[in-house]
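Enquirer: I would like to see how this sequence folds:
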Amino acid sequence: MNDRVGRRRFLGAGLAGTATGLAGCGQLLGSSNAGNQPLIDGSLPDSVRLRQVAGGFDAPLALVDVPDADLRYVADQSGSVSVLDSDGVRDDPLLEFGNAVEFGGEKGLLGVALHPNFEETRRLFVRYSAPSRDGTPENFSHTFVLAEFLVDESGLQALPDSERTLLEIPEPQSNHNAGALAFGPDNNLYVAVGDGGAGADAGLGHADDWYDAVEGGNGQDVTENLLGSLLRIDVDADSERGAYSIPDDNPLTDADGLAEQYAWGFRNPWRFSFDGDALLVADVGQSEFEEVNLVERGGNYGWNVREGSRCFRADDCPTETPESVRGGEPLVDPVVEYAHGGDPVDGVAVVGGYVYRGSALSDLDGRYVFADLRPDGRLFVADPSGPDERWPMGTVEMDADGGVPDQIYSLGRGRDGELFVFGIEAGDGRVYRVDPAE
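Expert: So this is what the prediction gives:
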């Protein structure tokens, strides 16, 4: 295997046991946990140090490094993109949305990405929640907006009149918005879209799918709307669709379905990340399990037939779609799964992470470092190189001046491979760098 997570090796991998629990600080998971989760083969650091690099945010969610500049852009869910330089957060934001963004709960500015050739194109892409726009059905909550702006040559100011809308999706409920953006190694833009909200992928704005045992849902439907999916689009070529086109090898290009979709069967794919060609998607569970999926083109990740690898609201459920539904595609198990109310872990919502490729924390090299919204003072670690299809897991304690975050919203990764944690402590939204313990 090369120095990136192998995609084929883990296609269809999943956890076969019962609910997974994580052990305490700096511990490897032993056979005493409910899922008999395999051990990480090798040591983990006892702890890591969170070093605050910026504060004063409402809810920081994402960070991107600006090429050929000592600048970083930090997206705040409340509706701004700030500029972070060597002296801290600059007074003037790169972009300020004001009332154009609906902020609250799971709504807001949810994703940011720079074009792969940003030095020449100056294109900045954002995903935000807007007040209902024309065409949004009555009683729907708001509108999903994917848009782009141009950034001036200084890198310090987005041009407000340059906004171009690429995509709008009516959102029936206020939650399950997902919202992460990233360009893949193929230079296409990937966009995470939740199932439309409420609960169980049912009710207003939720399509009927092929599975009759459970009402709904958008996760399994690929024809009525784009909800519950991971999208992949080409932003370098306009088409009859507008400001983007469809990559020729998208899985539904010549099939019955909306061609923007790259993979489906998601509930709330809050964050995702690439490690080389490998694509890891953290999908927030409903009431029992949290999951991370190794996503392939055309993969179906099960919701709302299953929550994680377990049947959702049914004693028994299929492992694939009927032959009449895209030829009987398999429902792919997650590579990481852990339980709500587990012992000793009591996770509530996975927020995802990155495979570590930095130099400061050698014991984490090549391992997927991620978190839960309620971290309990720890980061989670999963090892793709284990001998089983299940990813062995462990935990690492966090330490920080002034206390570790009460909640973690997301993780980020700099161009040097080092990791950042976005969270809130004592009401202050902060950005931390993950450093070795002192």
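Enquirer: state the distance from residue 429 to residue 58.
Expert: Per C-beta to C-beta, to the nearest Å, residue 429 is found 5 Å from residue 58. Yep, even glycine has a C-beta here, placed from its N, CA and C like the rest.
Enquirer: these two: which has the busier surroundings?
Expert: residue 429 (23 against 16; other C-beta atoms under 10 Å).
Enquirer: how about the nearest residue to the more buried one once chain neighbours are set aside, what does it touch?
Expert: The shortest distance from residue 429 to any non-neighbouring residue, by C-beta to C-beta, 6 or more residues apart in numbering, is to residue 57 (3.2 Å). Residues counted as contacts of residue 57 (C-beta atoms under 8 Å, 6 or more residues apart in numbering) are 74, 76, 78, 82, 428-431.
Enquirer: going through these, which ones are buried?
Expert: Buried members of these, counted by 16 or more other C-beta atoms under 10 Å: 74, 76, 78, 82, 429-431.
Enquirer: please work out the average pLDDT along the longest strand along the chain.
Expert: Counting by DSSP state E, the longest strand found in the chain is strand 47-57. Strand 47-57 shows a mean pLDDT of 97.
Enquirer: can you tell me what sits against the following helix or strand past it?
Expert: With elements assigned by DSSP states H and E, the helix or strand that comes after strand 47-57 is strand 60-65. Defining contact as C-beta under 8 Å, 6+ apart, one finds that strand 60-65 is touched by 54, 71-77, 84, 109-114, 180, 409-410, 412, 414-415, 420, 422, 429-431.
Enquirer: list the beta-bridge partners for residue 85.
Expert: Judged by DSSP bridges, the bridge partners of residue 85 are residue 88.
Enquirer: what about it, neighbour count?
Expert: 14.
Enquirer: do you know the pLDDT at it?
Expert: 97.
Enquirer: you'd agree it is up against residue 70?
Expert: Yes. Contact criterion C-beta atoms under 8 Å: residue 85 and residue 70 qualify, at 6.1 Å.
Enquirer: mind checking the SS state of residue 424?
Expert: strand (DSSP: H, G, I helix; E, B strand; the rest coil).
Enquirer: and residue 420, that's in a strand?
Expert: Yes. Counting by three-state DSSP, residue 420 is part of a strand.
Enquirer: residue contacts, the spatially most central residue of the chain?
Expert: With distances taken as C-alpha atoms, centre = their mean, residue 271 lies nearest the centre of the chain, 0.9 Å away. The contact partners of residue 271, by C-beta under 8 Å, 6+ apart, come to 180, 192, 281-282, 351-353, 410-411.
Enquirer: residue 351 too?
Expert: 270-271, 282, 370-373, 408-411.
Enquirer: how about a cut-off of 10 Å?
Expert: Neighbour list for residue 351: 61, 270-271, 282, 284, 290, 370-375, 407-411, 421-423 [criterion: C-beta atoms under 10 Å, 6 or more residues apart in numbering].
Enquirer: weed out the non-buried ones from those.
Expert: Buried residues within the contacts of residue 351, counting neighbours by 16+ other C-beta under 10 Å: 61, 270-271, 282, 284, 290, 370-373, 375, 407-411, 421-423.
Enquirer: that older thread, of the buried ones among the contacts of residue 57, which belong to strands?
Expert: Filtering the buried ones among the contacts of residue 57 for strands - DSSP E - leaves 74, 76, 82, 429-431.
Enquirer: pull the most distant pair out of those residues.
Expert: Within these, 82 and 430 form the most distant pair, 12.5 Å apart (C-beta to C-beta).
Enquirer: shared neighbours of the two, anything?
Expert: Contact criterion C-beta under 10 Å, 6+ apart; residues shared by residue 82 and residue 430: 54, 56-57, 60.
Enquirer: so who does the nearest residue to residue 299 once chain neighbours are set aside touch?
Expert: Among residues not flanking residue 299 along the chain, residue 263 sits closest, at 4.5 Å (C-beta to C-beta, 6+ apart). Residues near residue 263 by C-beta under 10 Å, 6+ apart: 190, 229-232, 251, 269, 279, 281, 293, 295-301, 332.
Enquirer: okay, residue 263: pLDDT?
Expert: The model reports residue 263 with a pLDDT of 99.
Enquirer: pretty sure it sits in a strand.
Expert: Yes. Secondary structure of residue 263 (three-state DSSP): part of a strand.
Enquirer: so where's the stretch 1-150 of the chain shaky on pLDDT?
Expert: 1-39, 41 (pLDDT under 70).
Enquirer: how about the helices in it?
Expert: Ranges of helices in the stretch 1-150 of the chain, per DSSP state H, counting those that start in this stretch, are 118-121.
Enquirer: again with the stretch 201-350 of the chain
Expert: According to DSSP H, counting those that start in this stretch, the stretch 201-350 of the chain contains no helices.
Enquirer: quick one: low-confidence ranges for it?
Expert: 342-346.
Enquirer: now with 50?
Expert: The stretch 201-350 of the chain contains residues with pLDDT under 50 at 344.
Enquirer: hey, where'd the strands end up in it?
Expert: With DSSP state E, counting those that start in this stretch as the criterion, the stretch 201-350 of the chain has strands at 229-233, 261-264, 271-275, 278-283, 289-294, 306-307, 310-311, 336-339, 350-355.
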